[in-house]
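A.B. asks: got a predicted model here, sequence first, then my questions.
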Amino acid sequence: MTFDDVLPALVRICESAPGFVDLKRACVVRDLRGRVRLVVDPDPSKPDFALSTERLEASLKAELGGYFAPPIWSTAASKRPDEARLAREIFKQPASESWSPMVADGAGVLAVPARARWFKHERRVSKQEWLEPSIARPPWEIGQAAGIVTFYSFKGGVGRTTALVACAWQLAKQGKRVVVLDLDLEAPGVGVLLGVSTKRGLVDLIVDYLASGEVDLSDAVAEAEALGEDASFVHVVPAGVLGPAYLEKLARLDFVGGHPGADADRSLSPLEHALRAILMKLRSLRPDYVLIDARAGLHDLAGLSLHRFAHVDVLFGRTNEQTYQGLELSVEMLVRRKGLRELECVVAQTMVSPEGLSDAVADEEQFLDRSYDWFRRHVYGKPGARSFERQGKGPHRPVVVRYDSSLNRFATLRSIERSFFAPCYEQLLDRVVAGLKRLEGGA
């Protein structure tokens with residue numbers, strides 16, 4: 001028995017037991033180790049209820065082995081009142097999601113034919129921001145304040161931070177006010193790139209909020225000095241000052257724990273409460289745009305950046321199989337967490353060889369084909385999806401960012417300013433701004 005086999009086997013065994021399909025409802029609780037407990041709620045209108053929980057327990061234990069956590073809890077266990085109370089509490093919990101085993105669930109479980117009314121609770125150590133079934137919403141509606149844009153890559157080292165700086169600089173040249181947030185807390189860098197030196201940073205703001213419930217931006221925000229005359233238009237919140245104390249603060253970030261206050265939304269982790277409060281406080285700077293440099297990979301911070309904060313998501317990747325698999329999963333989870341109506345993303349293919357070379361043409365065609373496959377499977381033609389020009393301006397069509405060796409080694413950003421205003425970065429910003437306008441206009 002493997003993790004992937006457990007839920008299909010449980011459904012099959014349960015629904016073959018006499019009387020099981022006559023239950024009012026059944027719930028699977030999967031714990032932090034992947035073990036499953038079964039909770040049942042008999043239908044009181046059926047006095048001749050035939051299910052034997054003892055026999056079903058024995059069958060589940062025999063086939064699921066250590067993956068099954070006995071006993072089965074029942075809301076009708078009159079001789080075991082504590083068990084009945086716990087069973088009733090399970091069904092009362094608002095996090096209980098209706099689960100149809102007829103389709104693949106959020107954990108990738110294979111489709112299982114079923115007749116009973118099933119629910120499921122997942123107890124997780126992390127990855128809640130990738131797997132939570134409810135639709136995620138940014139801290140504010142687009143149009144009420146700055147548009148929030150997340151820059152994300154499944155793999156690091158693909159030019160994600162460079163592209164963010166390029167977009168911030170272009171906006172500054174247009175007279176737009178920008179706030180840059182370094183949410184790559186475990187591998188920070190955008191603050192250094194933009195010439196920012198502060199006594200505190202984002203990780204300090206987070207731990208201070210978790211302890212006090214307040215946000216004080218003092219010594220944690222500074223202008224992007226590396227941009228010279230445009231510095232005053234770009235304010236940066238770096239990750240913080242690296243050192244042992246930084247690690248102590250990082251070690252206290254809670255992605256799935258309880259809520260920090262009695263009036264807080266119980267569905268949000270303490271870290272999300274803190275980051276939302278920080279974003280609200282940053283509105284005092286009156287930005288036109290908030291640009292977030294996200295953690296790479298399937299990290300919880302990446303999930304928060306993509307699914308919970310951004311109005312527009314920019315997905316970066318190179319031409320390789322790792323990128324293809326990672327970005328397809330990212331697109332699939334964006335659809336699940338945001339819904340098709342709110343999905344607004346831009347795909348960028350980076351590190352592409354100079355235009356005209358044969359390998360560049362082949363790489364571009366391959367990336368475009370794979371990107372179209374992701375959107376065809378998860379977006380295009382789905383109920384509720386906005387209409388896209390699939391072969392023209394659809395979000396699958398990547399912005400091609402070509403390799404520029406000058407971005408690898410330079411004295412100052414201003415010495416290579418032209419690189420940040422290359423046509424590819426201008427096209428990238430145009431796509432981002434167009435996405436924000438579509439959301440604001442409800443298109």
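C.D. replies: Sure, I can see it.
A.B. asks: ok, residues contacting stretch 212-219?
C.D. replies: For stretch 212-219, the external contacting residues (Cβ atoms under 8 Å, 6 or more residues apart in numbering) are 198-200, 205, 208-209, 260-261, 277-278, 280-282, 284. For the C-beta atoms, the positions are set from N, CA and C on the backbone; glycine is no exception.
A.B. asks: what's the mean pLDDT across that stretch?
C.D. replies: For stretch 212-219, the mean pLDDT works out to 95.
A.B. asks: residues of that stretch that come out buried?
C.D. replies: Buried residues in stretch 212-219, counted by 16 or more other Cβ atoms under 10 Å: Val215.
A.B. asks: and Trp73, backbone torsions?
C.D. replies: The phi/psi pair for Trp73 (degrees, to the nearest 10) reads phi -90, psi 140.
A.B. asks: from Ala58, how far out is it?
C.D. replies: Here the criterion is Cβ to Cβ, to the nearest Å. By it, Trp73 lies 16 Å from Ala58.
A.B. asks: more crowded one of those two?
C.D. replies: Set side by side, Trp73 and Ala58 show more neighbours around Trp73, with 24 against 12, by other Cβ atoms under 10 Å.
A.B. asks: residues in contact with the nearest residue to that one once chain neighbours are set aside?
C.D. replies: With Cβ to Cβ, 6 or more residues apart in numbering as the criterion, Trp73 has its nearest non-adjacent residue at 4.1 Å, and that residue is Ala87. With contacts defined as Cβ under 8 Å, 6+ apart, the neighbours of Ala87 are Val39, Val40, Asp41, Trp73, Ser74, Thr75, Ala77.
A.B. asks: one step back: among the contacts of stretch 212-219, which one sits closest to Ala434?
C.D. replies: Nearest to Ala434 out of the contacts of stretch 212-219 is Leu282 (Cβ to Cβ; 24.1 Å).
A.B. asks: look at the closest residue to Phe20 other than its chain neighbours and say how many residues are nearby.
C.D. replies: The spatial neighbour of Phe20 that comes closest, neighbours along the chain excluded (Cβ to Cβ, 6+ apart), is Cys14 at 5.1 Å. The number of residues packed around Cys14, counting by other Cβ under 10 Å, is 23.
A.B. asks: what pLDDT, on average, does the helix or strand that Cys14 is a member of get?
C.D. replies: With elements delineated by DSSP states H and E, Cys14 resides in helix 3-16, which encompasses its position. For helix 3-16, mean pLDDT is 90.
A.B. asks: follow-up on the earlier one: please check the contacts of stretch 212-219 and keep the buried ones.
C.D. replies: Among the contacts of stretch 212-219, the ones that count as buried by 16+ other Cβ under 10 Å are Thr198, Arg200, Leu205, Asp208, Tyr209, Pro260, Ala277, Ile278, Lys281, Leu282.
A.B. asks: which of those fall in helices?
C.D. replies: Cross-referencing those against helices under DSSP state H gives Leu205, Asp208, Tyr209, Ala277, Ile278, Lys281, Leu282.
A.B. asks: show me which pair in the residues you listed is furthest apart.
C.D. replies: Comparing all pairs in these by Cβ to Cβ, the longest separation belongs to Asp208 and Leu282, at 14.6 Å.
A.B. asks: what confidence value was assigned to Leu250?
C.D. replies: Per-residue confidence at Leu250 stands at 93 (pLDDT).
A.B. asks: give me every residue that touches it.
C.D. replies: Contacts here follow Cβ under 8 Å, 6+ apart; on that basis Leu250 touches Leu185, Glu186, Val203.
A.B. asks: got the contacts of stretch 212-219 as JSON lines, with distance to Cys27 columns?
C.D. replies: Formatted as JSON lines, those follow (distance: Cβ to Cβ, whole Å):
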{"residue": "Thr198", "distance to Cys27": "49"}
{"residue": "Lys199", "distance to Cys27": "50"}
{"residue": "Arg200", "distance to Cys27": "45"}
{"residue": "Leu205", "distance to Cys27": "39"}
{"residue": "Asp208", "distance to Cys27": "39"}
{"residue": "Tyr209", "distance to Cys27": "35"}
{"residue": "Pro260", "distance to Cys27": "29"}
{"residue": "Gly261", "distance to Cys27": "29"}
{"residue": "Ala277", "distance to Cys27": "34"}
{"residue": "Ile278", "distance to Cys27": "37"}
{"residue": "Met280", "distance to Cys27": "36"}
{"residue": "Lys281", "distance to Cys27": "40"}
{"residue": "Leu282", "distance to Cys27": "41"}
{"residue": "Ser284", "distance to Cys27": "45"}
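A.B. asks: so which of the contacts of Ala87 belong to strands?
C.D. replies: Within the contacts of Ala87, residues falling in strands by DSSP state E are Val39, Val40, Asp41, Trp73, Ser74.
A.B. asks: from Phe255, how far off is Ala220?
C.D. replies: 21 Å.
A.B. asks: whoops, Val314 was the one
C.D. replies: In this view, Val314 and Phe255 are 23 Å apart by Cβ to Cβ.
A.B. asks: pick out whichever of the two has more residues nearby.
C.D. replies: When Val314 and Phe255 are compared on other Cβ under 10 Å, the one with more neighbours turns out to be Val314, at 28 against 19.
A.B. asks: so the more buried one, which state does it fall into?
C.D. replies: Per DSSP: H, G, I helix; E, B strand; the rest coil, the secondary structure class of Val314 is strand.
A.B. asks: can you name the residues bridging to it?
C.D. replies: Each beta-bridge partner of Val314 is listed here: Phe151, Val346, as defined by DSSP bridges.
A.B. asks: show me the helices in this structure, by range?
C.D. replies: Along the chain, counting by DSSP H, helices occupy 3-16, 53-64, 81-92, 128-131, 160-173, 190-193, 202-212, 244-250, 270-282, 300-303, 321-338, 358-378, 417-420, 423-441.
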